[in-house]
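Novice: Predicted model follows, preceded by the sequence.
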Amino acid sequence: MAEKKRGRPATGQTPNRTVRVPDEVWDEAKRKADEEGTNVTDVVNDCLRRYIAKKKR
């Protein structure tokens, strides 16, 4: 029989990151993302990709 793995199960394909965001900004971003049928993680990823692309020009 296989040995049982220890620790927490994987939570996704990418590692978690920690950033500081003011509550009012986070709350508004979450509200808007919910309205658009997405989430803040996807919004942040999109913003970072655009930022990187802009810097490469």
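Specialist: Now that the structure is in, tell me what you want to look at. Residues are numbered from 1 along each chain as shown.
Novice: Find the centremost residue of this structure, please.
Specialist: In the chain, the residue lying closest to the centroid (C-alpha atoms, centre = their mean) is Thr41, at 2.7 Å.
Novice: Can you report phi and psi for that one?
Specialist: phi -60, psi -50 (degrees, to the nearest 10).
Novice: From here on, call the first residue 551.
Specialist: Sure, I'll start numbering at 551, so the last one becomes Thr591.
Novice: Can you tell me how far it is from Arg556?
Specialist: Distance of Thr591 to Arg556, computed by C-beta to C-beta, to the nearest Å: 27 Å. In this view, the C-beta of every residue, glycine as well, is placed from N, C-alpha and C.
Novice: ok, residues contacting stretch 599-607?
Specialist: Stretch 599-607 has contacts (C-beta atoms under 8 Å, 6 or more residues apart in numbering) with no other residue.
Novice: All set, thanks.
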